[in-house]
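1. predicted coordinates and the sequence they were generated for:
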Amino acid sequence: MGGNETQDLPVINLSDKNMKPGTELWNSTRNSVREAMEHHGWFVAEYNSFPAELHKSVLEASKELLDLPPEVKVKNENHKAGHGYITMSSDDQPVHEGLGIDQANDIQQCRRFSSLMWPDHHNNDRFCETVNAYAKMQAELEQLVIRMLFESYNLERYTEKHIRGSRYLLRLLKYRRLPNGEPNRKFISHTDKSFISILHQNHITGLMLKSEKEDVWYPFIPSPTKFAVIAGDAIMAWSNDRIKSCYHKVEMESVEMRYSFGFFSFQENMISTPEEMVDKDHPLAYKPFHHDGLLAFYETVEVHLKAHRTMTKAYCGITASSSESVSPPPPPPQPSSSSSGDSREKTASRSSDAISQKITNT
Ligand SMILES: O=C(O)CCC(=O)C(=O)O
Ligand SMILES: [Fe+2]
């Protein structure tokens, strides 16, 4: 695991009604967000600007969905890796599963998804409305973080275009302890390939977040109003390495099921490092790139490299020899065959529990 563990999570309250742009409270919160992202690569948002029942209802919706038989869940095919059905098993038992709902903030996409999962049910409205309301709430939180971060770098002129070009993936995840009673450590340390990821969950612990500057693992303490906001590989490149993408993993020991909700933002516009991010201490480190191109590239690298953010450097990094001419890396293949909110290792075989891991659509 590496590093020590500590309990003092960096928590930032993002739901104060008085926190309007331009106020002192906004400015100090904005500065805390930037500081935490640069120091740790993540922070915990205390956020309650949504109906309290939404956490409960998205949890019920997840259970209902993930309880479907595997032959139904695999129907959620998506040519974008990590957007479909993901499963890992131990002793032939699924111990980790995830289903992605691409563009879940769009009700039509939720309807398309639910009619695939429940073709015989005429009434999927409740499921659709729940996941859609949940994704919209998460998108608001993500956009609040983007607004604050961009402003903290005096880059607010890019905010609206960035938000308009954002695409969101909601992934509903379920974890159980291994059949032999051992803790589930299948979800190994990795960085997400998103711009920003937001993780939220039920009451079962297990998520660990590594602090970039402290080299310490923090166990996330769940609550319905606590969200782990973490930097993905794309924001690392955009920020010219001022914000490093966050290594995180799941180690869960409970006999009770752990459910979590991953919300991942991706950028449709070309991503290029603003010149304000470059100075003599921070020479330009990345070429402009397409997010989908980065995701597609990650799909081509060897399994043991996928979890590592260093691959972003390999894709669009500027090395001493390439710094002379900054030409963008190739765009993604058409139609886009990219993506994923994560890049967990696909075949993390460990002799102790004979992991057999199957990932669909990745
Ligand atoms: O279950 C969690 O809390 C983590 C999920 C995650 O890291 C991912 O889906 O990339
Ligand atoms: Fe992740």
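-> That came in fine, so what should we check first? Here the structure is a predicted model, which means the values were calculated and not measured. Ligands and ions are numbered 1, 2, ... in the order given.
2. tell me which element the residue nearest to the spatial centre of the chain is part of?
-> Central residue of the chain (CA atoms, centre = their mean): residue 197, 3.1 Å from the mean position. Following DSSP states H and E, one finds residue 197 within strand 196-201.
3. output the contacting helices and strands for that strand.
-> Strand 196-201 is packed against helix 125-152, strand 226-231, strand 258-267, with contacts defined by 3 or more CB pairs under 8 Å, 6 or more residues apart in numbering; DSSP states H and E. In short, each C-beta sits where N, CA and C put it, glycine included.
4. repeat that for 6 Å
-> For strand 196-201, the packing partners by 3 or more CB pairs under 6 Å, 6 or more residues apart in numbering; DSSP states H and E come out as strand 226-231, strand 258-267.
5. and it with ligand 1, contact?
-> Yes: Strand 196-201 reaches ligand 1 (CB under 6 Å from any ligand atom) through 199, 201.
6. cool, stretch 36-43 as well?
-> No: if you take CB under 6 Å from any ligand atom as the test, stretch 36-43 misses ligand 1, and the best it gets is 11.3 Å.
7. what is the end-to-end distance of that stretch?
-> Its first and final residues considered, stretch 36-43 spans 6 Å by CA to CA, to the nearest Å.
8. once you drop chain neighbours, what's closest to residue 56?
-> Sequence neighbours aside, residue 224 is the residue nearest to residue 56 in space, at 7.9 Å (criterion: CB to CB, 6 or more residues apart in numbering).
9. I figured that neighbour was touching residue 57, is that so?
-> No: here residue 224 lies out of contact with residue 57, judged by CB atoms under 6 Å, at a distance of 11.3 Å.
10. check what pLDDT the residue of the stretch 51-200 of the chain found nearest ligand 2 gets.
-> With CB to the ion, the shortest gap between the stretch 51-200 of the chain and ligand 2 falls at residue 192, namely 4.4 Å. Note for residue 192: predicted pLDDT of 95.
11. how about the one 3 residues further on?
-> Among the per-residue scores, residue 195 shows a pLDDT of 98.
12. kindly report the same for residue 289.
-> Residue 289 is given a pLDDT of 97.
13. ditto for residue 13
-> Value for residue 13, per-residue pLDDT: 98.
14. that one: neighbour count?
-> Other residues near residue 13 number 15, with proximity taken as other CB atoms under 10 Å.
15. swap in residue 53?
-> Residues near residue 53, counting by other CB under 10 Å: 12.
16. and for residue 60, the neighbour number?
-> 15.
17. who's in contact with the residue nearest to the centre of the chain?
-> When contacts are counted by CB atoms under 6 Å, 6 or more residues apart in numbering, residue 197 touches 230, 232, 264.
18. hey, what's it bridged with?
-> Counting by DSSP bridges, residue 197 is bridged to residue 230, residue 264.
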